[in-house]
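J.: Quick one, what's the 3D model for this:
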Amino acid sequence: MIMAHRHFRKRLLTVLLSASMVLAAGAQDKPDDVRLPDLGSSANALISPQEAQDYGAMMLQQMRALDMVVNDPLLDDYINNLGFRLVANSAKPKDHFAFFIAKDPVINAFSAPGGYIGIDSGLIVITRNEDELAAVMAHEIGHITQNHLQRAYESAKKDTPLMALVALGAVAAGGAAGGQAAAAALLGGQGAIMQKEINFTRKDEAEADRTGIETLSKSGFDPNAMADFFQRMEDEMSADSGGIQVPSLLQDHPVTAERISDAKARASALIAAQKKQPSGNLLNKTSWTQQTAPIAYVKDPTTLLSARNTDPSGPSTYLLMRERVRVLSDDPYRMANYYSSLLARKDGRYDTPENHYGYALALTRSGQGAKAVAQLGPLLDKYPDNLIVRLAMADARLQDGQRAAALDLYAALNTQSPRNKAIGVAYANALNQGGTKTQAAQAADMLRPMLEDTDEPDLFTAYARASEHAGDTVRAGEAYAQASYLSGRPFDAMEQLKALLKRGDLDYYARARIQAHIAELTPLVMELRKRRISTDDNPDGTNQGQQQFGPGCTGKLCFSVGNDALN
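T.: You can find the predicted model right below:
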């Protein structure tokens with residue numbers, strides 16, 4: 001299954017990257033290049049930032065449909081706050097970016113149209129500190145800000161103009177329907193595009209290194225981290241060249257001695273320059289919230305996570321999140337055995353807060369709440385104000401059947417960090433489990449404001465369940481449909497919306513909302529059906545309008561819920 005996931009991601013990325021590149025390339029005027037046909041619009045009309053964003057969003061939705069993304073609000077907050085901290089100090093701080101964690105054990109990261117950057121879980125687990133993780137992310141940000149996707153197409157289109165024709169055909173077919181329909185049409189030409197891979201040149205890699213190191217320095221991270229991480233990967237590979245597999249990171253980002261040397265030289269120059277400016281924030285190891293760097297990159301000012309290594313109320317946030325990635329990306333029973341073995345070692349080398357936290361998460365996910373509570377108790381005694389540990393304790397108590405105690409913890413956390421998605425989803429699910437209609441309504445009211453700026457299907461699913469339990473089945477139906485769409489199931493979403501529209505109890509506002517959702521989704525569904533493109537909810541690519549039934553069906557409506565990372 002993992003191999004199938006990797007193949008699909010490579011295929012999907014190739015298709016989507018080709019799309020954005022061919023369109024963006026039309027804006028460049030180089031007489032030696034193969035000229036693309038003019039469709040009667042300016043280059044900006046052919047590919048806008050919004051269209052590129054649509055391509056990236058569609059890629060993320062399809063990856064979610066295949067369970068290739070770690071869907072967890074806590075990790076989403078962390079990786080995005082870390083990413084936006086870097087973006088704020090990059091060459092294009094105002095451009096659109098989105099960061100997510102791919103559920104893949106390989107050591108790699110990748111960038112996609114619209115500023116979408118994926119970090120494989122295997123890479124996060126292998127990093128030793130947050131500086132290394134930030135270094136890889138800064139490198140990928142460099143690929144985006146330096147327009148390397150467009151450059152790669154400029155080179156590739158000379159060899160395979162068929163890719164250009166496929167992409168242009170998609171734009172012509174999509175037309176006024178927008179970027180999503182065009183992206184859907186692109187998938188119809190995937191067989192041709194699969195014949196050609198697009199790789200960044202060594203010049204591009206060096207440029208991404210250069211800009212990434214500068215971004216690291218401006219963001220308060222160790223500028224040596226990038227060279228050190230690549231060097232460590234290469235050293236581990238060279239230590240046993242006959243038995244160790246070459247990390248994907250080194251395959252996609254070839255490392256040479258010259259490249260590492262150049263990166264170290266640039267980092268040394270930045271450090272030397274920083275020493276002449278003591279007011280700067282380079283290598284400042286205090287909490288980033290106390291630094292003078294701007295904090296506009298924080299998506300939600302009430303988030304419980306900082307994007308810095310140190311947390312004055314407990315262990316390193318980075319280390320806790322690294323273990324959370326490890327647990328949520330693997331089988332919980334295997335992970336419970338993994339941590340149990342580590343903590344049982346007599347030398348005490350692995351008797352660390354982050355390993356106890358990881359063990360507790362694995363125990364909670366494998367239905368052993370009481371053991372998880374026992375693991376978290378000493379941590380909470382030592383770090384009573386650590387929000388991450390407190391949230392884990394609430395989850396463990398709920399799993400152990402201590403619902404009242406769990407609700408008290410969730411309520412206190414929500415008071416301390418209102419509008420925090422991780423706390424909100426966990427609290428809402430707890431209120432909804434065996435609770436009253438009043439508690440369900442409370443959960444829905446708490447989650448509703450969080451829906452305004454999110455593309456996380458789990459958040460919509462939690463809101464839908466709460467609304468349904470509270471008796472608001474119309475809002476529940478809309479939220480279930482949105483969760484289906486964000487999970488890569490557009491046909492299910494359309495069927496759910498159409499069923500809702502047939503209800504006789506809709507008021508004017510509800511009917512207008514549902515009609516607007518249908519109008520927005522129609523071009524995408526029509527394009528997918530026209531080209532007989534298979535999706536998770538339409539495997540044969542035809543979809544004759546049959547409604548998909550399965551878990552989540554309620555009455556005459558069938559709701560396709562998103563993946564629940566804690567189940």
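J.: mind checking the SS state of residue 228?
T.: helix (DSSP: H, G, I helix; E, B strand; the rest coil).
J.: Which pLDDT value does the model give it?
T.: Note for residue 228: predicted pLDDT of 87.
J.: How about it: what's its closest non-neighbour residue?
T.: The spatially closest residue to residue 228, leaving aside those adjacent along the chain, is residue 132, at 7.1 Å (C-beta to C-beta, 6 or more residues apart in numbering). Every residue, glycine included, has its C-beta placed from N, CA and C.
J.: So residue 53 versus residue 144, what's the distance?
T.: Here the criterion is C-beta to C-beta, to the nearest Å. By it, residue 53 lies 12 Å from residue 144.
J.: which residues do these two both contact?
T.: Both residue 53 and residue 144 are in contact with residue 115, where contact means C-beta atoms under 8 Å, 6 or more residues apart in numbering.
J.: Quick one: residues contacting the residue nearest to residue 228.
T.: Contacts of residue 132 (C-beta under 8 Å, 6+ apart): 225, 228, 229.
J.: Between residue 53 and residue 144, which is the more surrounded one?
T.: residue 144 (25 against 20; other C-beta atoms under 10 Å).
J.: Residue 429 against residue 461, yeah?
T.: No. Contact criterion C-beta atoms under 8 Å: residue 429 and residue 461 do not qualify, at 9.4 Å.
J.: which of the two has more neighbours?
T.: Ranked by neighbour count (other C-beta under 10 Å), residue 429 and residue 461 place residue 461 first, with 27 against 22.
J.: what about that one, which helix or strand?
T.: helix 457-470 (DSSP states H and E).
J.: send the alpha carbons of that helix over as PDB?
T.: Output of helix 457-470 as PDB, limited to C-alpha atoms (Å, rounded to 0.1, in the frame of the first residue of the first chain):
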ATOM      1  CA  PRO A 457     -12.200  17.700   7.000                       C
ATOM      2  CA  ASP A 458     -12.000  16.500  10.600                       C
ATOM      3  CA  LEU A 459     -13.100  19.900  11.800                       C
ATOM      4  CA  PHE A 460     -16.200  19.800   9.500                       C
ATOM      5  CA  THR A 461     -16.900  16.200  10.600                       C
ATOM      6  CA  ALA A 462     -16.800  17.100  14.300                       C
ATOM      7  CA  TYR A 463     -19.100  20.100  13.600                       C
ATOM      8  CA  ALA A 464     -21.500  17.900  11.600                       C
ATOM      9  CA  ARG A 465     -21.800  15.300  14.300                       C
ATOM     10  CA  ALA A 466     -22.400  18.000  17.000                       C
ATOM     11  CA  SER A 467     -25.000  19.700  14.800                       C
ATOM     12  CA  GLU A 468     -26.800  16.400  14.000                       C
ATOM     13  CA  HIS A 469     -26.900  15.500  17.700                       C
ATOM     14  CA  ALA A 470     -28.200  18.900  18.600                       C
END
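J.: Whatever helix or strand comes next after that helix - what's its average pLDDT?
T.: Counting by DSSP H and E, the element after helix 457-470 in chain order, helix or strand, is helix 473-486. Taken as a whole, helix 473-486 has an average pLDDT of 95.
J.: My reading is that residue 111 lies in a strand. Confirm?
T.: Yes. Remark: residue 111 belongs to a strand, assigned using three-state DSSP.
J.: Can you give me every residue that contacts it?
T.: Residue 111 neighbours (C-beta under 8 Å, 6+ apart): 117, 118, 140, 141, 143, 144, 149.
J.: If it is in a bridge, with which residues?
T.: Per DSSP bridges, the residues bridged to residue 111 are residue 117.
J.: what pLDDT does it get?
T.: With respect to pLDDT, residue 111 has a value of 85.
J.: in the stretch 451-567 of the chain, which spans are strands?
T.: 553-554, 557-558 (DSSP state E, counting those that start in this stretch).
J.: can you pull out the helices in the stretch 1-150 of the chain?
T.: 2-25, 43-46, 49-65, 73-88, 121-126, 130-145, 148-159 (DSSP state H, counting those that start in this stretch).
J.: about what we covered before: roughly how far apart are the residue nearest to residue 228 and residue 392?
T.: Noted for residue 132: a distance of 25 Å to residue 392, by C-beta to C-beta.
J.: again with residue 343
T.: 16 Å.
J.: Between these two, tell me which one has more neighbours.
T.: residue 392 (28 against 16).
J.: separation between the residue nearest to residue 228 and residue 49?
T.: Residue 132 is 30 Å from residue 49, by C-beta to C-beta.
J.: And residue 471, by the same measure?
T.: Relative to residue 49, and taking C-beta to C-beta, residue 471 is found at 41 Å.
J.: With residue 352 instead?
T.: For residue 352 relative to residue 49 (C-beta to C-beta), the value is 44 Å.
J.: on that earlier part again, adding distance to residue 372 as columns, could you present the contacts of residue 111 in TSV?
T.: TSV is the format used below for those (distance: C-beta to C-beta, whole Å):
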residue	distance to residue 372
117	32
118	30
140	35
141	36
143	40
144	39
149	44
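J.: out of those, what pair is the most spread apart?
T.: 118 and 149 (14.1 Å; C-beta to C-beta).
J.: thinking again about what came up before, just checking, what packs against the helix holding residue 461?
T.: Under the contact definition 3 or more C-beta pairs under 8 Å, 6 or more residues apart in numbering; DSSP states H and E, helix 457-470 sits against helix 421-432, helix 437-447, helix 473-486.
J.: In three-state terms, label residue 401 for me.
T.: coil.
J.: If you tally nearby residues, what's the number for it?
T.: Neighbours around residue 401, by other C-beta under 10 Å: 11.
J.: same question, residue 390
T.: The burial count for residue 390: 24, using other C-beta under 10 Å.
J.: can you tell me the helix or strand for it?
T.: helix 387-399.
J.: The helix or strand just after that helix versus helix 387-399: what angle between them?
T.: Once the chain leaves helix 387-399, the next helix or strand it forms, by DSSP H and E, is helix 403-416. Orientation check (axes from the mean of the first three to the mean of the last three C-alpha atoms, to 10 degrees): helix 403-416 against helix 387-399 gives 150 degrees.
J.: could you check the angle helix 421-432 makes with helix 403-416?
T.: Using the same axes, to 10 degrees: helix 403-416 against helix 421-432 is 140 degrees.
J.: so what does helix 403-416 touch, helix or strand wise?
T.: helix 387-399, helix 421-432.
J.: for it, what is the average pLDDT?
T.: 96.
J.: Run through who's touching that helix.
T.: With C-beta under 8 Å, 6+ apart, helix 403-416 has contacts from 304, 387, 390-391, 393-395, 397-398, 420, 423-424, 426-427, 430-431, 433-434, 446.
J.: and residue 364, what element?
T.: helix 353-365.
J.: Quick check: which helices or strands does that helix pack against?
T.: Judged by 3+ C-beta pairs under 8 Å, 6+ apart, helix 353-365 is in contact with helix 317-328, helix 332-343, helix 369-382, helix 387-399.
J.: Dump that helix to CSV, restricted to CA.
T.: What follows is helix 353-365, C-alpha atoms only, in CSV (Å, rounded to 0.1, in the frame of the first residue of the first chain):
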residue,chain,number,x,y,z
PRO,A,353,9.4,13.4,28.5
GLU,A,354,8.8,13.1,24.8
ASN,A,355,9.1,9.3,24.9
HIS,A,356,6.6,9.0,27.8
TYR,A,357,4.3,11.4,25.8
GLY,A,358,4.6,9.2,22.7
TYR,A,359,3.9,6.1,24.7
ALA,A,360,0.8,7.7,26.2
LEU,A,361,-0.5,8.6,22.7
ALA,A,362,0.1,5.1,21.4
LEU,A,363,-1.7,3.6,24.5
THR,A,364,-4.7,6.0,24.1
ARG,A,365,-5.0,5.1,20.4
